[in-house]
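>>> Need a 3D model of the sequence below.
(chains A, B, C and D)
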2 protein chains.
Amino acid sequence: MLTIFRGESTHKMDQKGRVSIPADYRRIIIEENAKVGKELDQNTLVIVFGDNRQSHLECYPLTLSREIHENIKSKFPRGTPKREFLDNFFETKSIAVQIDPNGRMLLPQNVRTKAELGANVCFAGKGESFQIWNPEKYSQRQKELEGMFRDDEVISNPLVLLE
Amino acid sequence: MLTIFRGESTHKMDQKGRVSIPADYRRIIIEENAKVGKELDQNTLVIVFGDNRQSHLECYPLTLSREIHENIKSKFPRGTPKREFLDNFFETKSIAVQIDPNGRMLLPQNVRTKAELGANVCFAGKGESFQIWNPEKYSQRQKELEGMFRDDEVISNPLVLLE
DNA sequence: TTAAATTAGTGGTATAAAATGGTTTGCATT
DNA sequence: AATGCAAACCATTTTATACCACTAATTTAA
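A predicted model of the protein is given here:
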């Protein structure tokens, strides 16, 4: 099975911070988690809200979050600046949340505030992870992305970038 | 399993020095301690307050505190300067505290004074350990961390640091 | 190709757990 | 006996989780 997060969609978030996770994302998360976790962790996903350079949430299954964690531990000794920076970004500025029986997750207040989320949120599949955005911020970001590589060359099809 | 301390939160500390430990941290501590300790030690955590170069508390389950201890013993013979320094930092300047039935711990006066803790304290998950901060000091530190690696290169996503 | 069944998304309420404040008890030390 | 502190106990508020219900869309089966 291709465990690739795809597509974009908009969901409601209620006043308590509950949001439905797109059903196909849920399936991927659970399938990925089965590779690594215990029974208890099957419904877990990790959300990195990061620092002020990012205005969206980055969401991972446990496999990828663990890969990042192991990477940090093995490459940067405790106490070094990069280690502290990365631990802070990926661990302090993150949370683990559960998928509830209805397929929703609960975003805590501080995370909602940080990502400026209101009644509607956008999901965007990014292959091995997916993102959650404030709708306006998401449109802005899309415009930025569309503007990229315009000047380098005339791109009629982005596949040329793969050459 | 997800024995990774994540996230940041603020808790109240009362006049006696009692602080609730975030529930997910408690679960991790107890699970980790089960790997090594006796029944009696299950609710124990180690708090390193260190010397005056650090203004926060570093908190470990018994597994990590033991790992650090073994490391010091095996690498540095008794009587050497490094051994004395490390013993002092990690053992003299530390305490072991218990998690009470309500999920709180009691921070002794000298530790509170050392870390400049008042009515509110910040918790910050750091993967294999977590930290406790005076809120103002914590904000300062966050600013420092966010400023790091800005100049090295344009980092839109800290994941590039893992390359 | 229509009717029934399932799944996805959403809203509300009830329950359990977490955080915290206060009081009391026990045990040392003076 | 009086003091200081830590441990245990109890109560309240807040927050997270579980549970149930409804609608719309999609799939399955007759």
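
>>> Point out the residues in chain A that sit beside DNA strand C.
A:9, A:11-12, A:14, A:19-23, A:26, A:102-104 (C-beta under 7 Å from any atom of the strand). All C-beta spots, glycine's among them, are computed from the backbone N, C-alpha and C.

>>> overlap between those and the residues near DNA strand D?
A:Asn102.

>>> So which of the residues of chain A next to DNA strand C belong to strands?
A:9, A:11-12, A:19-20, A:104 (DSSP state E).

>>> among the residues you listed, which ones are buried?
Among those, the ones that count as buried by 16 or more other C-beta atoms under 10 Å in any protein chain shown are A:19-20, A:104.

>>> Nearest to A:Cys122 among these?
For these, the residue nearest A:Cys122 by C-beta to C-beta is A:Val19; the value is 10.8 Å.

>>> buried ones in stretch A:22-31?
So, applying 16+ other C-beta under 10 Å, buried residues of stretch A:22-31: A:22, A:25-26, A:28-30.

>>> what does that stretch contact?
By C-beta atoms under 8 Å, 6 or more residues apart in numbering or on different chains, the residues outside stretch A:22-31 that reach it are A:1, A:3-7, A:9, A:11, A:21, A:42-43, A:45, A:61, A:99, A:103, A:123, A:125, A:130.

>>> and stretch A:5-16 with chain B, contact?
No. Judged by C-beta under 8 Å from any C-beta of the partner chain, stretch A:5-16 stays clear of chain B, getting no closer than 15.9 Å.

>>> how about TSV for the residues of chain A next to DNA strand C, with distance to A:Leu162 added?
Below are the residues of chain A next to DNA strand C laid out as TSV (distance: C-beta to C-beta, whole Å):
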residue	distance to A:Leu162
A:Ser9	27
A:His11	32
A:Lys12	37
A:Asp14	42
A:Val19	34
A:Ser20	34
A:Ile21	31
A:Pro22	27
A:Ala23	30
A:Arg26	30
A:Asn102	40
A:Gly103	35
A:Arg104	37
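
>>> which one among the buried ones among the ones in strands among the residues of chain A next to DNA strand C gets closest to chain B?
A:Val19 (18.0 Å; C-beta to the nearest C-beta).

>>> ok, the closest one touching A:Ala119?
No. Counting by C-beta atoms under 8 Å, A:Ala119 is not a contact partner of A:Val19; they are 10.5 Å apart.

>>> joint contacts of the two?
A:12-13.

>>> what is the mean pLDDT for stretch A:89-101?
For stretch A:89-101, mean pLDDT rounds to 94.

>>> For that stretch, give me every contacting residue.
Contacts for stretch A:89-101 (C-beta under 8 Å, 6+ apart): A:18, A:21, A:26, A:29-30, A:43-51, A:65, A:68-69, A:72, A:105-108, A:111, B:2, B:4-8, B:24, B:124-127, B:158.

>>> try it again with 7 Å
A:21, A:26, A:43-51, A:68, A:72, A:105-106, A:108, A:111, B:2, B:4, B:6-8, B:124-127, B:158 (C-beta atoms under 7 Å, 6 or more residues apart in numbering or on different chains).

>>> Buried subset of these, written for ChimeraX?
Buried subset of the contacts of stretch A:89-101, written as a ChimeraX selection, criterion 16+ other C-beta under 10 Å:
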select /A:21,26,43,44,45,46,47,48,49,50,51,68,72,105,111 /B:2,4,6,7,8,124,125,126,127,158
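
>>> Next step: the contacts of stretch A:89-101 restricted to helices.
Counting by DSSP state H, those place A:26, A:68, A:72, A:111 in helices.

>>> tell me the SS of the nearest residue to the third one once chain neighbours are set aside?
In this case it means A:Ile72. Among residues not flanking A:Ile72 along the chain, A:Leu86 sits closest, at 4.8 Å (C-beta to C-beta, 6 or more residues apart in numbering or on different chains). Secondary structure, DSSP: H, G, I helix; E, B strand; the rest coil: A:Leu86 is helix.
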